[in-house]
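*Asks:* here is my input, please return the structure:
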Amino acid sequence: MKIIKIYIAALLLTATTTFFGQQTPAAIQQEAITITGATAHIGDGTIINNCTLVFEAGKITAIGTTGITTKGTVIDATGKHIYPGFIAPNKSLGLVEVNAVRASNDQDEIGNIIPHIRSIIAYNAESKVVESMRPNGVLLGQITPRGGRVSGTSSIVQFDAWNWEDAAVKTDDGIHLNWPNSFRRGRWWLGEPAGFSPSKNYQNQIQEVREFLENALAYGKSNATITNLAYEASQGLFNGNQKLYVYANGEKEILDAITLIKATGVKDIVLVGGYEAHKISSFLKENNIPVLVGFTHNLPALDDDDYDMSYKLPKLLIDEGLLVGLQNANASNFQTRNLPFYAGQVVGQGLDKEKALQLITGNTAKILGIDADYGTLTPGKSATLFISEGDALDMRGNILTHAFIDGRQISLETHQTKLWKRYMGKYSGK
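*Replies:* Below you'll find the model as predicted:
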């Protein structure tokens with residue numbers, strides 16, 4: 001009887017693993033692959049029609065229309081489109097599986113200033129949510145912690161891996177700072193006025209940030225005999241090895257944040273959110289501050305804002321000459337698969353379609369510091385790309401036939417595609 005129970009348990013474990021496990025990561029590219037006849041969207045604003053693209057050993061070796069010799073496996077993509085893999089910055093993908101299940105939520109650690117907390121070691125490469133990004137062309141992401149004044153360090157990963165070590169593209173790329181708000185909303189349930197009022201703690205909170213950065217800088221210049229993990233982890237901000245991602249939306253907050261942070265010696269700053277960045281675009285341009293703007297499918301933040309403020313904000317900033325990428329930190333992780341459609345929304349506001357594509361490819365790669373290998377279809381860069389039947393920024397055309405990460409052809413099957421096929425068969429009468 002005991003043997004029978006063990007056998008049944010083994011069968012159940014096998015079935016559970018088969019049903020719940022992620023796709024097996026693709027094998028390393030063994031032979032050259034050539035894609036012919038497609039329209040290539042390079043990711044830097046240019047298009048190549050009737051393009052031939054060759055990649056070997058995970059790298060693009062040739063791209064163009066003439067004089068290119070086909071090698072290895074040939075994929076006829078006539079009438080289709082090639083895109084660089086889309087990049088999702090500032091997401092907690094792989095850190096949260098089900099928001100309502102505390103045991104699967106590892107995006108926020110205890111503490112207020114914790115730059116030494118590394119999100120990468122908590123990244124779940126077998127997440128079903130992560131896997132569901134790939135059929136829409138989202139192949140890379142910046143895995144970012146949440147909470148506190150200084151949340152910790154993010155890392156950039158590719159979305160087809162056995163574990164976090166395999167997934168990592170760039171570890172500990174930056175530290176994330178949540179800038180305080182100068183106004184606070186009244187807590188009506190405690191009898192406070194329901195509207196906004198100046199925050200009495202704003203200056204104290206700014207001083208907390210200033211002291212942390214100044215102390216971290218001083219720590220790096222000293223011969224400290226006792227290790228301070230928070231200060232130790234912040235040294236990359238002052239030597240240029242790490243970026244400081246600053247979350248601020250209001251005009252005053254953005255001005256205060258950039259002015260203070262630059263004065264403390266931080267070399268590389270990225271503004272995240274920037275809802276009122278268009279009001280001080282000349283200041284941001286003068287200080288060479290790129291912006292990871294919020295996603296477009298959103299309501300205006302204030303009653304007197306234009307109804308389409310969120311839709312047109314990326315274009316307003318681009319028109320002012322700023323380097324702009326697109327992120328959706330305020331949306332649930334599963335909505336990250338809609339990233340190409342957020343970019344497509346800006347096309348409806350008058351932005352050139354190839355510039356809209358840059359919001360989630362070339363521009364984002366530059367902002368994250370991975371543009372030497374990712375973001376555009378360029379010889380020498382990673383063959384992280386996909387083939388779509390139509391316009392990938394439009395949900396009607398975003399139908400992938402092939403996708404590759406570092407030259408490895410990845411599966412486009414997910415738990416959701418399986419359910420779609422199952423119920424399509426049921427309701428179509430097949």
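
*Asks:* where does pLDDT dip in this structure?
*Replies:* Along the chain, segments meeting pLDDT under 70 span 1-22, 186-188, 190-195, 429-430.

*Asks:* what residues are up against residue 180?
*Replies:* Contact analysis of residue 180 by C-beta atoms under 8 Å, 6 or more residues apart in numbering lists 149, 199, 201-202, 205-206, 209, 253. Using the backbone N, CA and C atoms, a C-beta is placed for each residue, glycine as well.

*Asks:* looking at the residues you listed, which is nearest residue 105?
*Replies:* Checking the contacts of residue 180 against residue 105 with C-beta to C-beta, the nearest one is residue 149 at 20.0 Å.

*Asks:* can you tell me, leaving aside adjacent residues, what's nearest to the closest one?
*Replies:* Among residues not flanking residue 149 along the chain, residue 112 sits closest, at 5.0 Å (C-beta to C-beta, 6 or more residues apart in numbering).

*Asks:* you'd agree the one you found is up against residue 150?
*Replies:* Yes - between residue 112 and residue 150 there is a contact under C-beta atoms under 8 Å: 7.5 Å.

*Asks:* who's more crowded, the two?
*Replies:* residue 150 (27 against 12; other C-beta atoms under 10 Å).

*Asks:* specify the beta-bridge partners of the more buried one.
*Replies:* In this entry, residue 150 is beta-bridged to residue 113, residue 177, by DSSP bridges.

*Asks:* so what's it up against?
*Replies:* The neighbourhood of residue 150, defined by C-beta under 8 Å, 6+ apart, consists of 112-115, 175-178, 212, 230.

*Asks:* and with 6 Å instead?
*Replies:* Each residue near residue 150 by C-beta atoms under 6 Å, 6 or more residues apart in numbering is listed here: 113, 115, 177.

*Asks:* out of those, who's nearest residue 78?
*Replies:* The closest of the contacts of residue 150, once distances to residue 78 are taken by C-beta to C-beta, is residue 177, at 48.5 Å.

*Asks:* now, of the contacts of residue 180, which are buried?
*Replies:* 149, 202, 205-206, 209, 253 (16 or more other C-beta atoms under 10 Å).

*Asks:* out of those residues, which is nearest to residue 121?
*Replies:* Within these, the smallest distance to residue 121 is 21.4 Å, found for residue 149 (C-beta to C-beta).

*Asks:* quick check: phi and psi on that closest one?
*Replies:* Backbone torsions of residue 149, given as degrees, to the nearest 10, read phi -80, psi -50.

*Asks:* was I right to think it contacts residue 113?
*Replies:* Yes - contact criterion C-beta atoms under 6 Å: residue 149 and residue 113 qualify, at 5.5 Å.

*Asks:* before we move on, back to that, who wins for most neighbours among the contacts of residue 150?
*Replies:* Highest count within those by other C-beta under 10 Å belongs to residue 115, 30 neighbours.

*Asks:* mind listing the residues bridging to residue 34?
*Replies:* residue 54, residue 74.

*Asks:* neighbours of it, how many?
*Replies:* Neighbours around residue 34, by other C-beta under 10 Å: 21.

*Asks:* what about residue 373, which helix or strand?
*Replies:* If you go by DSSP states H and E, residue 373 is not part of any helix or strand.

*Asks:* rewinding a little: would you list the contacts of residue 150 in CSV and tack on distance to residue 73?
*Replies:* CSV is the format used below for the contacts of residue 150 (distance: C-beta to C-beta, whole Å):
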residue, distance to residue 73
113, 51
115, 46
177, 47
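
*Asks:* quick one: which of those is nearest to residue 43?
*Replies:* residue 177 (28.8 Å).

*Asks:* got a list of what the closest one touches?
*Replies:* Contacts of residue 177 (C-beta under 6 Å, 6+ apart): 150, 244, 246.

*Asks:* which residues does residue 349 contact?
*Replies:* Here residue 349 is in contact with 311-312, 315 (C-beta under 6 Å, 6+ apart).

*Asks:* closest one of the residues you listed to residue 282?
*Replies:* Nearest to residue 282 among the contacts of residue 349 is residue 315, at 16.8 Å by C-beta to C-beta.
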